[in-house]
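A.B. asks: take this sequence and fold it.
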Amino acid sequence: MAIGLAAVALVGTVLLILRPDVAPLREPAASRTAVVKLSLDGQYSARFAGELAASQQGYFSSRIEVAPQPDPDFVQTIARQHAIGVTSGQKFLLASWGGVPVTAFAASFLDTSVAIFTLESSGLRRPADLVGKRVGYRRASEGDVVFDAMMAQLGLPRSQITKVPDRDSFEALRAGEVDAIIAAIDEQPDPSSSTFTKLNVIKPQDYGIHVPGLVYFASNALVHEQPSMIADVLQGLIRGWQFTYADYARSVPVLAGAGPAKPNSERLKFELQQLRPLVLPTGGRIGDYDESRWRTLRDILLFAKLGEEDVPLAQTVNYQFLRDVYRRSPDLAAPGAWSEKK
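C.D. replies: Reported below is the predicted structural model:
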């Protein structure tokens, strides 16, 4: 019996030695954590520099996949995927009012990127100058709504302005098809462009219209089930925007290589310069929207008859994530990373 037991033990030892080691095939718990998507409502561009920089520089400690996802039902898609997205405050709020279960937790652009452009030679420099003129616009767009709100707030007769749909390009402006256009501030030609023309720029925020531009939001399920991930993503985004604007010599090459297209570095830098005041207005903090901007957006959407406030703002906009992140990491609000000369 002793000899038999010894033989069995010997065979077992040999089998253990010969058995392939299966431990490396076992995925670590951290890597088994599901990837969460951070989707961009648009293609790779300077508008999403903070997100791209955070991804490229490794500022997210969670497994976050950043990718463009143009979709007419963008907000609904994010809710269905239990994901995170960035889109216009207008698109977010209208979807929320429509019953889509999402929560905004920070701003990308603290103000609208919409502006009204005229040729410098036209002499049209103020909203009042547009009365009796032709203005190119895109129907039901953020620009359309913001423009009407600005003119109404100033008491200017909108009925005396001819709005020309689908003529919101700089080509239409140069060709004289319209006297002004409503477009995004970062779409204007830069001085190095062959199509550059000197322009006058009318910004709605200079006339009291302050609404959230681009906002970060997530599905309610993700907010409730993984609040620590929302906080981690927010911290990474703040660091991404800090990196973007701290030194263009470092950030522009990183951003230029982030997507499949290789944008012109000078053009990319120009767009970033146009967007900078929206990311960090004087005296503000990255991502730090306030309730007054949301109330203004709500009011102008109701004024435009684009929706009804079926869900109160308090149920769709969260301010606590921002407060907690800045309280835990006060260095994120330090001005040292920001330099006007850069």
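A.B. asks: do you have the strands of the stretch 201-342 of the chain handy? List them.
C.D. replies: All strands of the stretch 201-342 of the chain, identified by DSSP state E, counting those that start in this stretch, fall at 214-219.
A.B. asks: and the residue nearest to Y326 when sequence neighbours are not counted, how close does it get to G283?
C.D. replies: Computed as CB to CB, 6 or more residues apart in numbering, the closest residue to Y326 that is not its neighbour in sequence is A333, at 5.6 Å. The C-beta positions use only the backbone N, C-alpha and C, and glycine is treated the same way. A333 is 11 Å from G283, where distance means CB to CB, to the nearest Å.
A.B. asks: between these two, which one's more packed in?
C.D. replies: In this comparison of A333 against G283, neighbours counted by other CB atoms under 10 Å, the higher total goes to A333 at 16 against 5.
A.B. asks: confirm for me that that one is in contact with R285.
C.D. replies: Yes - between A333 and R285 there is a contact under CB atoms under 8 Å: 5.1 Å.
A.B. asks: could you give the angle of the longest helix anywhere in the chain to strand 214-219?
C.D. replies: With DSSP state H setting the assignment, residue counts place helix 227-246 as the longest helix in the chain. Our comparison of helix 227-246 with strand 214-219, counting by axes from the mean of the first three to the mean of the last three CA atoms, to 10 degrees, yields an angle of 160 degrees.
A.B. asks: and helix 227-246, what other elements does it pack with?
C.D. replies: Under the contact criterion of 3 or more CB pairs under 8 Å, 6 or more residues apart in numbering; DSSP states H and E, helix 227-246 touches strand 36-40, helix 49-56, strand 102-107, strand 214-219, helix 220-225, helix 248-256, helix 265-279, helix 320-328.
A.B. asks: please repeat the previous calculation with a cut-off of 6 Å.
C.D. replies: In this structure, helix 227-246 packs against helix 49-56, helix 320-328, with contacts taken as 3 or more CB pairs under 6 Å, 6 or more residues apart in numbering; DSSP states H and E.
A.B. asks: centre of the chain versus the shortest one, how much separation?
C.D. replies: Think helix 49-56. What separates the centre of helix 49-56 from the centre of its chain is 11 Å, taken as CA atoms, centre = their mean, to the nearest Å.
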